[in-house]
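*Asks:* What shape does this take:
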Amino acid sequence: MDIIAPIITPFRSGKVDVETFINHAKNIMKKGVDALFVAGTTGLGPALSLEEREALLEVASSVTRRVIMQVGFLNVYDVLALVKYAEKFDIEAVASVPPYYFPGLSQRQVAKYFRELCAATSLPVYLYNYPAAVGRNVDAEMAKAIGCLKGVKDTNPDLAHTLAYKRLMPEIKAYKGSDSLVMASFAVGLDGVIVASANYIPDVLVKIRDAVLKGDVEKAKRLQFLINEILEVATPLGYNSSVYELVRIFQGYDPGEPRPPIYPLESEEREKLAKAVSRIKETLNKL
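*Replies:* Below you'll find the model as predicted:
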């Protein structure tokens, strides 16, 4: 069962900080992250240019072969260009959200989009299903009908929704994208998780996985509850922005900042977050 980080994209004065990206990737992989999910929601993929995404792919693949590159974008020609560029690197897969913004797309059109991706590359193609972000749900039945998908990242609070992909397509990789369901995802035997907390507490996720594998449900539950407490504080402040500050708090280095429309936390918000998680940090260190 994999722990995959939807790695943050560090910015300085609006530009991607490649050196910080590399250092952060190496740090979290050293602490237990198995693979990187690049240019996803946590990585602010929709706010990146094609050239920036290509640059991130190149540096990520220099750190590890285990890269899942999120290629979804509104401009399908950019999507296909990035897919082709990804073939230059020996990465694990490409992933894409379904076409978004245009609400009138039929299931046939969405399926055609993914089939075109599959036809354009020899790399495995994963579905990134995030209904809250894109306004469209590609459930297990539709994913199976597409016929060429090799994996799915399902960012959905319903665990049964994710399990349905494995039930209908047992051969694919199925990953949960919800920080609040890390323990549950391991317990039911999904292929792993792709969660933002892998950026700031990768070692805790390793402890949860180990506890589940050893049958220590109580320890896994205590750790999961502490993650949930972090989420309760960070989410109202804007979780994408908070992740950068949580990296600073838990990992002890400057991870850069997000890019608008995801704005950095204000000073009082940073103080509120730091104060709220200080006790949680102490407790996590003891477990």
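*Asks:* Now do the residue lying closest to Ile7 once chain neighbours are set aside against Ala220, distance only.
*Replies:* Nearest residue to Ile7, sequence neighbours excluded (Cβ to Cβ, 6 or more residues apart in numbering): Leu36, at 5.0 Å. (Each C-beta comes from the backbone N, C-alpha and C, glycine too.) Summarising the geometry, the distance separating Leu36 from Ala220, computed by Cβ to Cβ, to the nearest Å, is 24 Å.
*Asks:* Equivalent analysis for Ala187, please.
*Replies:* As judged by Cβ to Cβ, Ala187 and Ala220 stand 8 Å apart.
*Asks:* Kindly point out which residues are neighbours of both of these two.
*Replies:* Val212 (Cβ atoms under 8 Å, 6 or more residues apart in numbering).
*Asks:* With neighbour numbers in mind, choose between these two.
*Replies:* Relative neighbour count places Ala220 above the other of Ala187 and Ala220, with 23 against 19, counting by other Cβ atoms under 10 Å.
*Asks:* Hmm, Lys150 and Leu127 touching each other?
*Replies:* No. Applying Cβ atoms under 8 Å, one finds Leu127 not in contact with Lys150, separated by 9.2 Å.
*Asks:* which of those two has more neighbours?
*Replies:* Neighbours per residue (other Cβ under 10 Å) separate Leu127 from Lys150, with Leu127 holding more: 26 against 18.
*Asks:* got a list of what that one touches?
*Replies:* Leu127 neighbours (Cβ under 8 Å, 6+ apart): 95-96, 98, 114, 138, 143, 146, 149, 151-153.
*Asks:* Ok, Asn75 next?
*Replies:* When the contact criterion is Cβ under 8 Å, 6+ apart, Asn75 has no partners at all.
*Asks:* any idea how far it is from Ile201?
*Replies:* From Asn75 to Ile201 the distance is 35 Å (Cβ to Cβ).
*Asks:* host element of His24?
*Replies:* helix 18-30 (DSSP states H and E).
*Asks:* again, but for Ala111
*Replies:* Ala111 is part of helix 107-120, with elements assigned from DSSP H and E.
*Asks:* Touching that helix from outside, list them.
*Replies:* Contact with helix 107-120 is made by 71, 76, 79-80, 83-84, 94, 96, 98-99, 125, 127, 136, 138, 142, 145-149, as judged by Cβ under 8 Å, 6+ apart.
*Asks:* Now list the buried members of those residues.
*Replies:* Neighbour counting by 16 or more other Cβ atoms under 10 Å classes 71, 79-80, 83, 94, 96, 98-99, 125, 127, 136, 138, 142, 146, 149 among those as buried.
*Asks:* Ramachandran angles for the nearest residue in space to Pro124 that is not next to it in sequence?
*Replies:* Here the nearest residue to Pro124 in space, its sequence neighbours aside, is Lys150; by Cβ to Cβ, 6+ apart that works out to 3.7 Å. Lys150 adopts backbone torsions of phi -110, psi -10, taken as degrees, to the nearest 10.
*Asks:* try the one 4 residues further on
*Replies:* When quoted as degrees, to the nearest 10, the phi and psi of Asp154 stand at phi -110, psi 110.
*Asks:* neighbours around it, how many?
*Replies:* Residues contacting Asp154 under the criterion other Cβ under 10 Å number 29.
*Asks:* Could you tell me how far the nearest residue to Thr9 once chain neighbours are set aside is located from Arg167?
*Replies:* By the measure of Cβ to Cβ, 6+ apart, the closest residue to Thr9 outside its immediate chain neighbours is Gly43, 4.7 Å from it. As judged by Cβ to Cβ, Gly43 and Arg167 stand 30 Å apart.
*Asks:* Who has more neighbours out of those two?
*Replies:* Under the criterion of other Cβ under 10 Å, the comparison of Gly43 against Arg167 puts Gly43 first, with 27 against 11.
*Asks:* which ones are touching Val212?
*Replies:* With contacts defined as Cβ under 8 Å, 6+ apart, Val212 is in contact with 183, 186-187, 220.
*Asks:* Now flag whichever of those is closest to Glu268.
*Replies:* Using Cβ to Cβ, Met183 is the member of the contacts of Val212 that lies nearest Glu268, at 32.5 Å.
*Asks:* give me every residue that touches the closest one.
*Replies:* Met183 makes contact with 208, 212, 220-221, 223-224 under the criterion Cβ under 8 Å, 6+ apart.
*Asks:* Which of the three states applies to it?
*Replies:* The local conformation at Met183, judged by DSSP: H, G, I helix; E, B strand; the rest coil, is helix.
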